[in-house]
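In: Return atomic coordinates for the entry below.
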Amino acid sequence: MVRALSIAWKDFRHTYRNFAALAMMIAAPLVLSTALGAAFGGGTGFAIQQVKTVLVNQDTAASAGSESVGAIIGSTLASPGLKNLIALQTGASPEAARADVDQAKAGVAVLVPAGLSQALFAAPGGGNPGTSGAGGGSASAITVYQDPSLTVGPGIVADVVRSVVQNLNGARAAAVTAAQLAQSNGIADPATVSGLATKAAQTYTQAAQSSPPVISSDRAPSAATGPAHSGPNVASQVLIGMMIFFMFFGAAQPARSILDEHRRGTLARLFTTPTSRGVILGGKYISVFVVVLVQSVVLLLAGRFFFGAHWGAMGPVIALTLCGALVAASLALLAISLAKTPSQAGAFSASIFVFLGLLGGNFIGSTNVGGTFATVRRVTPNGWLLEGWNNTLYGGSWHGILLPVAAVLAFTVVFFALATLLFRRRYA
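Out: Numbers count the residues shown, from 1 in each chain. Below you'll find the predicted structure:
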């Protein structure tokens with residue numbers, strides 16, 4: 001054991017005297033994480049640029065004392081909850097609003113046509129809702145005219161407008177239903193029917209706005225007990241992906257020393273000593289593991305102090321860090337064992353690491369993914385590591401990382417067994 005540790009210490013010192021290796025192992029992931037974090041915002045989610053929206057309201061109220069559909073849409077778009085997403089301004093005409101979008105002065109234009117309130121609340125022939133048929137008035141469309149180069153901002157505006165229209169259509173459906181029920185119960189007075197319909201529409205709208213029966217709640221996974229956990233910022237999510245990706249390259253540096261020593265003849269001389277080949281390979285593996293472990297700790301500390309990252313509970317963080325170093329060391333030794341020269345090792349290992357990085361999702365950090373990609377990334381050790389880190393970053397406990405840790409350890413055993421077999425055959 002002492003001889004293995006001596007070999008590991010020698011390779012460890014050699015690796016950390018290589019400034020080019022240090023730049024790739026530590027500086028590169030920090031620089032990339034800083035750049036991507038700055039590009040997408042430094043908060044707990046990706047920042048969305050405020051979209052300039054022009055509202056052209058040509059609609060008038062259907063009756064005295066009521067609010068027009070266009071006014072309701074305008075007040076909703078200008079609500080305080082949307083001020084960081086939508087910058088609303090009033091347009092003079094549909095043509096001018098379209099011109100603003102075409103000239104990139106605005107991102108989206110909402111065009112509310114004249115007579116929309118009457119079309120929504122008036123029945124065919126101009127009667128009150130439900131007094132002559134349930135189909136309602138003639139169709140009238142709101143136009144959302146957007147810059148084709150934008151996607152997220154106009155989509156938000158369109159969803160807000162669609163939500164308002166659905167609410168108003170629901171109010172009309174309630175009015176029609178109330179009118180029909182009144183008529184079926186023998187109430188024939190048009191004024192009474194109209195009053196009941198209007199009251200039903202108003203009650204529906206007020207109930208939908210003040211106390212919706214169904215709401216959605218988004219929250220991060222967390223332990224059963226303990227304080228609330230805020231979501232990670234973008235830079236820390238990106239740093240996790242970059243850290244795992246560059247751990248592979250960091251492990252390849254000391255692992256490549258086997259081929260370097262073989263080429264110089266020092267490995268053959270080492271084999272002539274009383275030290276067994278198993279002890280020599282064990283020392284090499286320990287050096288690779290320690291190099292990657294130190295690299296991970298440095299990056300995690302840098303993320304904590306430079307990016308303000310909160311990695312989660314200490315126990316799961318330590319477990320994932322150790323598992324990452326173990327699997328990176330095993331994979332690096334396996335990749336090196338397949339090459340015959342240091343130049344081949346560099347090209348071969350880089351191709352393997354980049355392929356696994358793309359397949360496992362290292363370039364999107366610990367962001368939640370779904371669908372086919374969520375299944376595909378599980379065929380890689382880095383995909384399992386990202387899954388475990390994602391759970392920990394959002395306040396998860398040991399229960400959330402048990403499966404990722406078990407999967408990563410299984411990859412570690414398989415990679416190390418294959419690497420040991422190949423090296424024993426080569427240096428038998």
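
In: Could you list the domains of the protein?
Out: 2-43+232-426, 51-210 (automatic domain parsing).

In: Work out the gap between the helix or strand harbouring Q237 and the centre of the chain.
Out: In this structure, Q237 sits in helix 234-255 according to DSSP states H and E. Mean-position distance between helix 234-255 and its chain equals 19 Å (CA atoms, centre = their mean, to the nearest Å).

In: now do stretch 143-155
Out: 22 Å.

In: again, but for stretch 349-358
Out: With CA atoms, centre = their mean, you get 22 Å for stretch 349-358.

In: what is the mean pLDDT for it?
Out: Stretch 349-358 carries an average pLDDT of 87.

In: Also stretch 144-153?
Out: 83.

In: follow-up on the earlier one: just the domains of the chain: most buried one?
Out: Among the domains of the chain, ranked by average contacts under mean count of other CB atoms under 10 Å, first place goes to domain 2-43+232-426 (a mean of 19). For every residue, glycine as well, the C-beta is placed using N, CA and C.

In: Please could you give me each C-alpha atom of the helix holding Q237, formatted as CSV?
Out: Extracted in CSV, the C-alpha atoms of helix 234-255 (Å, rounded to 0.1, in the frame of the first residue of the first chain):
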residue,chain,number,x,y,z
VAL,A,234,-27.9,29.6,-13.7
ALA,A,235,-24.1,29.8,-13.3
SER,A,236,-24.1,27.1,-10.7
GLN,A,237,-26.2,24.8,-12.8
VAL,A,238,-23.9,25.3,-15.8
LEU,A,239,-20.8,24.8,-13.6
ILE,A,240,-22.0,21.4,-12.5
GLY,A,241,-22.2,20.3,-16.1
MET,A,242,-18.9,21.8,-17.0
MET,A,243,-17.3,20.3,-13.9
ILE,A,244,-18.4,16.8,-14.7
PHE,A,245,-17.3,17.2,-18.3
PHE,A,246,-13.8,18.5,-17.5
MET,A,247,-13.4,15.9,-14.7
PHE,A,248,-12.9,13.4,-17.5
PHE,A,249,-10.2,15.5,-19.1
GLY,A,250,-8.6,16.1,-15.8
ALA,A,251,-8.5,12.3,-15.1
ALA,A,252,-6.9,11.7,-18.5
GLN,A,253,-3.9,13.8,-17.7
PRO,A,254,-2.4,11.6,-14.9
ALA,A,255,-3.7,8.4,-16.6
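
In: Output stretch 73-92 as CSV, nothing but the C-alphas.
Out: Taking C-alpha atoms only, stretch 73-92 is exported to CSV below (Å, rounded to 0.1, in the frame of the first residue of the first chain):
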residue,chain,number,x,y,z
ILE,A,73,-56.9,42.7,-22.2
GLY,A,74,-55.0,46.0,-21.8
SER,A,75,-55.3,46.0,-18.0
THR,A,76,-54.2,42.3,-17.8
LEU,A,77,-51.1,42.9,-20.0
ALA,A,78,-50.3,46.0,-17.8
SER,A,79,-50.7,44.1,-14.5
PRO,A,80,-47.9,44.3,-12.0
GLY,A,81,-47.1,40.6,-12.2
LEU,A,82,-46.2,41.0,-15.9
LYS,A,83,-44.3,44.3,-15.8
ASN,A,84,-40.9,42.5,-15.9
LEU,A,85,-42.0,40.5,-19.0
ILE,A,86,-44.2,42.9,-21.0
ALA,A,87,-43.6,46.6,-21.7
LEU,A,88,-47.0,47.8,-22.9
GLN,A,89,-47.7,50.9,-24.9
THR,A,90,-50.7,52.1,-26.8
GLY,A,91,-50.8,52.2,-30.6
ALA,A,92,-52.7,54.7,-32.8
